[in-house]
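**Q** fold the following, please.
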Amino acid sequence: MPNKPIKFQYDSEKAKQAVLWLLHKNNGSMDKLQLVKLFFFADREHLAKYGRPIIGGTYYAMRFGPVCSELLDCLDSTATINTSLPFTLLDKQVAEKQEHQIPDEDWLSESDLEVLEDIYKNYGHIDKFKLSDMTHDLKAYKKNMPPVNSRKLIPYEDFFEDLENSAKKMVEIIQDEQEAWADFL
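**A** Numbers count the residues shown, from 1 in each chain. The predicted structure is shown next:
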């Protein structure tokens, strides 16, 4: 019997603090496209190393690459309505509402912070369109490439497509764990 698809709920509070963490690291603001690409890389790396993403949610392949739908909705909502979120979207730039706002790191685990730091160090300086191109080169995107002006779901199982075999073993561990927990939910 095939395993059920891997799913992770979006953690809105953790996402809020992780966004704030990256903004703080980047002098208070960041391009929206760059930010959502960094989260794809962070969730992918954290999933492969620790068996869960940092923010979770539903990822879609879109024109400029993979994106967490709930995160994108959250960022876009700050441009149209006054939210209680500590950041806002203006002219495609996500920015802290208050200068030098400190994220509440109690919401982020040591492994979350380790991976966010690693992703920022390795990708934070890269142009948003180059990041987009990098995600287009991944099998997870190629396998789920959407039709023009559309989107297509990227299963979490596909996050592992370009990774080493040792990371691919994590898929089985996650599936077994989620199947075991399904009996209790």
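
**Q** grab the nearest non-local neighbour of residue 85.
**A** On the basis of CB to CB, 6 or more residues apart in numbering, the spatially nearest residue to residue 85 that is not a chain neighbour turns out to be residue 78, at 5.5 Å. (Each C-beta comes from the backbone N, C-alpha and C, glycine too.)

**Q** buried ones in the worst-scoring helix or strand of the chain on mean pLDDT, by neighbour count?
**A** Within the chain, no helix or strand scores below helix 165-182, which has a mean of 80 by mean pLDDT, DSSP states H and E. Neighbour counts using 16 or more other CB atoms under 10 Å place 167, 170, 171, 174, 175, 178 of helix 165-182 among the buried residues.

**Q** pretty sure the third one sits against residue 161.
**A** This points to residue 171. No. Using CB atoms under 8 Å, residue 171 and residue 161 do not qualify as a contacting pair, with a distance of 10.2 Å.

**Q** overlap in contacts of the two?
**A** The overlap between the contact sets of residue 171 and residue 161 (CB atoms under 8 Å, 6 or more residues apart in numbering) is empty.

**Q** quick one on the thing from earlier: need the buried residues of helix 165-182 in CSV with distance to residue 157, can you?
**A** Conversion of those to CSV gives the following (distance: CB to CB, whole Å):
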residue, distance to residue 157
167, 12
170, 10
171, 6
174, 9
175, 8
178, 11
